[in-house]
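Engineer: Provide a 3D model corresponding to the input given below.
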Amino acid sequence: MDVVPFAMGATARSWDEQHLDLQAAAGQIADAPTGGFTAGVSGAAARFASAWQRHATELGDTAEARADGLRTSAADYVRTDQAVASDNRFLLDAVLREAR
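Structural biologist: Now for the predicted structure:
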């Protein structure tokens, strides 16, 4: 399997940006006034805004979790590659060293 940790890091940053955008949107939705509606509509408008604020927050949290997961996975791949490279150097040294 070919994994490019740098690409995973770049993708994690993109998810981070989505998280920040969604967090900002959730804040704007929460701050949106619903008092300008008539009495018959203001309750529904407030519930609508509240539901969308929660939805945007949940989407942002999911984006951040994906970013964190990608960073963790990339770090794990790098550590594994380093361990394999170290083992390979040890094995190659044993094979390539001239015995006299």
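Engineer: Now name the helix or strand holding the residue sitting nearest the centre point of the chain.
Structural biologist: The residue lying closest to the centre of the chain (CA atoms, centre = their mean) is A67, at 1.5 Å. Assigned by DSSP states H and E, A67 belongs to helix 39-96.
Engineer: how about low-confidence regions in this structure?
Structural biologist: 1, 94 (pLDDT under 70).
Engineer: Can you list the buried residues in the helix or strand hosting G27?
Structural biologist: Per DSSP H and E, G27 falls inside helix 5-31. Buried residues in helix 5-31, counting neighbours by 16 or more other CB atoms under 10 Å, are found at 5, 8, 11-12, 15-16, 18-19, 22-23, 25-26, 29. Placement of C-beta: from N, CA and C, glycine included.
Engineer: Mind giving me the packing neighbours of the helix holding A67?
Structural biologist: Under the contact criterion of 3 or more CB pairs under 8 Å, 6 or more residues apart in numbering; DSSP states H and E, helix 39-96 touches helix 5-31.
Engineer: and the helix it packs on, how far out from the chain's middle?
Structural biologist: 8 Å (CA atoms, centre = their mean, to the nearest Å).
Engineer: who's in contact with the residue nearest to the centre of the chain?
Structural biologist: With contacts defined as CB atoms under 8 Å, 6 or more residues apart in numbering, A67 is in contact with 12-13, 15-16, 19.
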